[in-house]
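Peer 1: here's my sequence, what's the structure:
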Amino acid sequence: MKKLITAFLLSLVPVLALASGGDVHLDKADIDLHDKDSLRHGARLFVNYCLSCHSAAYMRYNRMGRDLGLTDAQVKENLMFAGEKVGETMTVAMPAKESKAWFGTKVPDLTVVARARGADWLYSYLRGFYLDSSRPWGVNNTVFKKVGMPHVLWELEGLKKPIIEMRKNHEGKEEPHIVGFEQVLPGKLSKPEYDKAVRDLVNFLVYMGEPAKLTRYTIGVWVLLYLALLFVVAYALKKEYWKDVH
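Peer 2: As a prediction, the model looks like this:
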């Protein structure tokens, strides 16, 4: 019994480690999978800014088009830059070896990144880039320290530098803390517009991680209604069968 308890506690170590590292503030994404305009905008951002390096190898263009209310012709014209056939998956031509040499690690596939990281994490991450001359790409991130990815959306957001204050940690030692940002180079979008663009992109990533999510929710409601009706019928049958049993 003691061995079982020990094994169970050891299995919780990774979870506890993640929890102890969760001191990064995450902003609420407030995504809406029912908003087709948001999903279509997010899809355009994804194919224009993400798909050149990252793949989505478990998503097909035609499946995405159907779910987003687009015809095959509209998908080909607006969302296909790498594939030749609308039934192909969203892959990229970048070889894994070259990507590891350029970025220091293999560039991950983004099909299920929203399920792995969460919408709030992605939303905060894409809005958390700031100038840092010590990094290879000249930027760092408030959510992902020493990030290996360049700020691919900098043309939209612009470039900003951190405002740093020295604060004492729990041990009483002073450490630098980012308390805000100062715009260095303006982007094509204002801050509210950029926040909305990132929200739309995250909305699409969440959809892509589970395209049938809304369908599953709808089926789930009907299943619960069926079970409720079945309970009424089963209870009535039980009363009838057992009415003469004392």
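Peer 1: low pLDDT regions in this structure?
Peer 2: Along the chain, segments meeting pLDDT under 70 span 1-23, 82-83, 93-104, 246.
Peer 1: sheet partners, orientation included, of the lengthiest strand in the chain?
Peer 2: As assigned by DSSP state E, the longest strand anywhere in the chain is strand 174-186. Using DSSP bridges, the strands paired with strand 174-186 in its sheet are strand 158-168 (antiparallel).
Peer 1: just give me how far the strand it pairs with sits from the chain centre.
Peer 2: Mean-position distance between strand 158-168 and its chain equals 25 Å (C-alpha atoms, centre = their mean, to the nearest Å).
Peer 1: and the contacts of the longest strand of the chain?
Peer 2: 130-131, 142, 158-169 (C-beta atoms under 8 Å, 6 or more residues apart in numbering). Backbone N, C-alpha and C define where each C-beta goes, glycine included.
Peer 1: now the element after it, going C-ward?
Peer 2: Moving toward the C-terminus from strand 174-186, the next helix or strand (DSSP states H and E) is helix 191-209.
Peer 1: next up, the contacts around the closest residue to residue 47 other than its chain neighbours.
Peer 2: Closest residue to residue 47 apart from its sequence neighbours, by C-beta to C-beta, 6 or more residues apart in numbering: residue 79 at 5.1 Å. Counting by C-beta under 8 Å, 6+ apart, residue 79 touches 43, 44, 47, 61, 64, 65, 70.
Peer 1: now do the buried residues in the helix of greatest length in the chain.
Peer 2: If you go by DSSP state H, the chain has its longest helix at helix 213-241. The neighbour-count check on helix 213-241 (16 or more other C-beta atoms under 10 Å) flags nothing as buried.
Peer 1: which element is the most centrally placed residue in the chain on?
Peer 2: Closest to where the C-alpha atoms of the chain average out (C-alpha atoms, centre = their mean) is residue 114, at 2.9 Å. Take DSSP H and E as the rule and residue 114 turns out to sit in helix 113-117.
Peer 1: what does that helix rub up against?
Peer 2: Outside helix 113-117, the residues that reach it (C-beta under 8 Å, 6+ apart) are 122, 125, 202, 205, 206, 208, 209, 210.
Peer 1: drop anything exposed from these.
Peer 2: Taking 16+ other C-beta under 10 Å as the criterion, what is buried in the contacts of helix 113-117 is 122, 125, 202, 205, 206, 208, 209.
Peer 1: now the two most distant members of those.
Peer 2: Pairwise distances among these were taken by C-beta to C-beta; the largest, 16.4 Å, belongs to 125 and 208.
Peer 1: pull the distance from stretch 202-213 to the chain's centre.
Peer 2: Here the centre of stretch 202-213 is set off from its chain's centre by 8 Å, with C-alpha atoms, centre = their mean.
Peer 1: what's that stretch in contact with?
Peer 2: 29, 31-33, 35, 38-39, 41-43, 45-46, 56, 59, 63-64, 67, 110-115, 119, 122-123, 126, 216.
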